[in-house]
Structure formats: structure tokens, C-alpha cells
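1. Pasting the sequence and the predicted model now:
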Amino acid sequence: MLRDKKLYYFGVLAALATVTIWAAFLIGTRFAVSGNLTVDEVLILRLIPAFLIMLPLMFKLGVIIKGQSMFSLLMIALGATAVFPYLISTGVYYAPASDAGALAPGMLPFWTALFAFIITGEKPSKIRFFGLIIILAGAFLVGSYSILSSSDQNTWKGHFLFLAGSGMWSIYSVYFRQSGIDPLTGLVFGLFWGTAVVIPLLVVFGDVSFEKASTFDIFSMIILQGLLIAILAMLLYNFSIRQLGPAQTAAFGALTPILALLGSFIFLGETITLLKSVGIFIVAVGVVFASGILEKVLSTLTK
């Protein structure tokens with residue numbers, strides 16, 4: 001019992017560390033794709049360094065997983081390592097990082113609960129369902145205000161890509177939890193196939209030249225994308241899923257909007273409006289309900 005509690009708390013810490021790295025990912029990627037790097041170049045700097053670092057483990061653990069459906073293998077292989085970061089990176093090219101925080105990780109609890117119900121039949125409790133509604137309302141407030149007030153007519157494209165990326169990550173989360181695969185094997189499997197499939201496509205068909213990128217641009221993205229995001233955040237997130245479940249782990253993702261809002265203001269000079277701040281606060285309140293933390297507290301008090 002004591003070991004289970006420790007693992008649960010480690011899962012919570014892993015989830016908190018993950019959302020902090022996610023906020024850094026949104027801010028750093030917005031800075032990169034608004035400057036000297038293309039989305040395709042950012043994805044290459046994410047996958048290839050991580051692939052090379054994890055190559056010894058690929059030989060040790062193998063890159064073939066048996067006993068899973070083809071769709072499950074497809075989601076674990078490409079969903080988190082390639083498709084999700086490509087959608088989000090393209091999204092922050094069109095829309096602010098603060099919007100990405102609310103509409104990508106902020107919407108994870110909603111999408112994960114929806115796909116968990118569709119795929120596994122898992123139903124959220126009344127408290128968690130209430131939290132999901134609050135998150136949805138806050139995200140809508142942030143998104144609708146940004147679109148109406150923005151002078152950039154392409155902002156809606158970024159918002160659509162944020163929602164699509166968030167949905168993709170949620171489907172991955174459910175299938176990963178269902179697969180029973182350990183976090184390290186899942187990471188190695190995803191990095192191998194994500195790199196093997198996506199990199200050749202980007203090199204042949206993508207916008208990859210690195211003509212405008214400086215040495216600092218390239219190495220900063222290798223550290224952020226290849227080390228922190230592709231490896232550390234994935235390990236932490238997969239560990240958290242194993243300990244907390246996909247719905248509760250995804251709920252912590254709604255804390256990212258607050259970090260992204262503050263970071264985008266400090267590092268990118270993005271404008272913080274009152275209405276956007278209120279919307280993000282509403283999302284943060286929703287995460288408290290959707291995470292299941294209140295249920296655990298009430299359960300402890302009634303014992």
C-alpha cells in the first residue's frame with residue numbers, strides 16, 4: 001500500500017514536470033517558427049537527435065511490439081512522436097503560444113475523456129464531467145476572443161491545429177494505457193518508427209534547408225525538442241499515465257495554459273488581456289475538478 005502511494009505521488013510529480021516542459025515547448029517553438037526555422041526543420045531537430053541518443057536502447061529493447069492492434073501500433077508509433085508535434089508546431093506559426101496553451105494541453109482532459117469513453121467505455125464521474133465542461137467553456141472563451149480580436153485572419157488555422165493535435169495526443173494516451181507497454185519501450189518504439197517514416201518524407205517533400213538558422217538556433221532546438229520534449233517529457237508522461245491513468249494525467253495538462261501565458265508574456269512579449277486571463281483561469285479551475293483530485297480528497301475525508 002505504501003509503495004502504491006509513493007508511485008501515485010511520483011506520478012503526480014511526473015505530470016507536473018511534463019506540463020512545465022510542454023509550456024517551454026510551446027514558447028520555444030513559437031519563437032523558432034516565427035524566426036529562423038521552419039516547422040519541418042524543427043521536427044527534424046526533434047526526431048534525429050532523440051533517435052541517435054536512444055539508438056543503443058533500440059538495439060536492446062527492439063522496435064517490434066506484438067499483441068497490439070494495427071491502429072494501436074500506429075498511434076503509439078507516430079501519434080505522439082511525429083503527428084502531434086507537427087500539428088502543434090504548425091499551429092504556433094499561425095497563433096500565439098498563449099492560445100496554444102489553452103487549446104492544446106488545456107483541452108486534453110476533454111478529448112481524453114471522450115476517447116476513453118469511445119474506445120474503452122470509461123465514463124467520467126459527475127465531478128470530473130463538471131470539470132470537463134468548465135475546461136471547455138474556458139477554452140472557448142480564449143479561442144473565440146483571440147479570433148475576433150486578432151488582426152491576423154489565419155489565427156483560426158492555428159486554433160484548429162491545436163485542437164487536432166490535442167485530440168491526437170488524447171487518442172495516443174488511451175491506446176498507450178490500454179497497451180500495457182512500459183514507458184521506455186513505448187518511447188523507443190515511437191522514436192524509431194516516427195523517425196524512420198517521417199524524416200524521409202520531410203527531407204524529400206518538406207521545407208528543409210536551414211539557410212536562415214544560426215548555430216544557436218539549431219542547438220537550442222536540439223536541447224528543447226530532442227532532449228527535453230522528445231525524450232524526457234515522453235518518459236515522464238508515459239510514467240504518469242501508468243500510475244494515474246490517461247484521464248487524470250491529461251487533466252494536469254490544463255495547468256500548461258497558465259505557464260504558457262506567463263512565459264509568452266515574459267519571453268515573447270505577447271499581450272495578456274483580461275478576457276484571455278479569465279478564460280485561462282477558468283480552464284485551471286476545470287482541471288481541479290477533471291483531475292479527480294477532489295474525489296480522492298472527499299473519499300479520504302469520508303473514510
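-> Yep, it's here.
2. now Lys212, nearest residue through space, not along the chain?
-> Nearest residue to Lys212, sequence neighbours excluded (CB to CB, 6 or more residues apart in numbering): Asn36, at 4.1 Å. The C-beta positions use only the backbone N, C-alpha and C, and glycine is treated the same way.
3. pLDDT (mean, whole number) over stretch 217-224?
-> Confidence over stretch 217-224, taken as the mean pLDDT, stands at 94.
4. ok, and for that stretch, which residues are buried?
-> The neighbour-count criterion (16 or more other CB atoms under 10 Å) identifies Asp217, Ser220, Met221, Ile222, Leu224 as the buried residues of stretch 217-224.
5. how much space is there between the fourth one and Ala50?
-> If I follow you right, that is Ile222. Applying CB to CB, to the nearest Å, the value for Ile222 to Ala50 is 9 Å.
6. do the same with Gly263
-> 23 Å.
7. If you count surrounding residues, which of these two has more?
-> A side-by-side neighbour count of Gly263 and Ala50, using other CB atoms under 10 Å, places Ala50 first with 26 against 22.
8. Please tell me I have it right and that one contacts Ala230.
-> Yes - Ala50 sits in contact with Ala230 when judged by CB atoms under 8 Å, with a separation of 3.7 Å.
9. Tell me the residues that contact both of the two, please.
-> Taking CB atoms under 8 Å, 6 or more residues apart in numbering as the contact rule, Ala50 and Ala230 both touch Leu191.
10. quick one on the thing from earlier: farthest pair within the buried residues of stretch 217-224?
-> Pairwise distances across the buried residues of stretch 217-224 peak at 10.8 Å for Asp217 and Leu224 (criterion: CB to CB).
11. So Gly194 is in contact with Ile48, correct?
-> No - proximity of Gly194 to Ile48 does not meet the contact threshold set by CB under 8 Å, at 10.6 Å.
12. measure Lys212 to Ala116 for me?
-> To Ala116, Lys212 is 42 Å away according to CB to CB.
13. ok, how many other residues are close to Leu187?
-> Around Leu187 sit 25 other residues, with neighbours defined as other CB under 10 Å.
14. And the pLDDT for it?
-> Note on Leu187: pLDDT of 88.
15. residues contacting it?
-> Remark: with contacts taken as CB under 8 Å, 6+ apart, Leu187 is in contact with Met54, Ile231, Met234, Leu235, Asn238.
16. can you pull the contacts of the fourth one?
-> Applying CB under 8 Å, 6+ apart, one finds that Leu235 lies in contact with Pro183, Leu184, Leu187.
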